[in-house]
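Trainee: Sequence below, structure please.
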Amino acid sequence: MLLGFHHAAISTPDLDAFLAFYCDVLGCEVAWTFGWEAGSDEADAVTDLRGSAARAAMLKLGDSHLEVFEFSAPAAAGQNGERQANEHGLSHICLQVADIHSEYKRLKKAGMRFHCPPQAQDTGFVTYARDPDGNIVELLEFTGE
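Mentor: This is a model prediction of the structure:
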């Protein structure tokens, strides 16, 4: 029996920088940290990697969780630029906000790069931005209008 979604996970090349942005700028809190050294048969089995090693953290914002990994082994293949929203795989992370226009100004001032200012839609406002790793972060405000 499935109970519901618990978290999504993302990989970063720099866990400390990722945590600084998501905690200091976006307001997440670190629920717990964990990791493993190379030679963990269990971690290799779960990740389907050989000789894996990683540091990780589970972030909490409201009732939601985001797990983030920094793998030190094996070396990642790398990425050629930012993923576009229509590419297969994780498309974006969505944060529901109470005042999108204020959050847009605050986050833009903090250095977050937005695709556009908040756009009106049937149920409120929406915009996309990029975190320091280039991942898309959606801001969404429901206004009830």
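Trainee: Once you drop chain neighbours, what's closest to Ile10?
Mentor: Val68 (5.4 Å; Cβ to Cβ, 6 or more residues apart in numbering). Glycine gets a C-beta too; all of them are placed from N, C-alpha and C.
Trainee: ditto for Asp99
Mentor: Closest to Asp99 by Cβ to Cβ, 6+ apart is Glu141, at 7.0 Å.
Trainee: For whichever helix or strand Leu19 is part of, buried residues please.
Mentor: Per DSSP states H and E: Leu19 is located in helix 15-19. Under the neighbour-count criterion of 16 or more other Cβ atoms under 10 Å, helix 15-19 has Leu15, Phe18, Leu19 buried.
Trainee: Now for Leu139: which residues touch it?
Mentor: Under the criterion of Cβ atoms under 8 Å, 6 or more residues apart in numbering, the neighbours of Leu139 are Cys94, Leu95, Val97, Ile100, Glu103, Tyr104, Leu107, Pro118, Val126, Thr127, Tyr128, Ala129.
Trainee: did I read that right, it in a helix?
Mentor: No - under DSSP: H, G, I helix; E, B strand; the rest coil, Leu139 sits outside any helix and is assigned strand.
Trainee: Grab the CA positions of the longest helix along the chain and hand them over as CSV.
Mentor: Longest helix of the chain, by residue count under DSSP state H: helix 100-109. Taking C-alpha atoms only, helix 100-109 is exported to CSV below (Å, rounded to 0.1, in the frame of the first residue of the first chain):
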residue,chain,number,x,y,z
ILE,A,100,5.1,36.1,-4.8
HIS,A,101,5.9,39.7,-5.7
SER,A,102,7.8,40.3,-2.4
GLU,A,103,9.6,36.9,-2.7
TYR,A,104,10.5,37.7,-6.3
LYS,A,105,12.1,41.0,-5.3
ARG,A,106,13.8,39.4,-2.2
LEU,A,107,15.2,36.4,-4.1
LYS,A,108,16.2,38.5,-7.2
LYS,A,109,18.2,40.8,-4.8
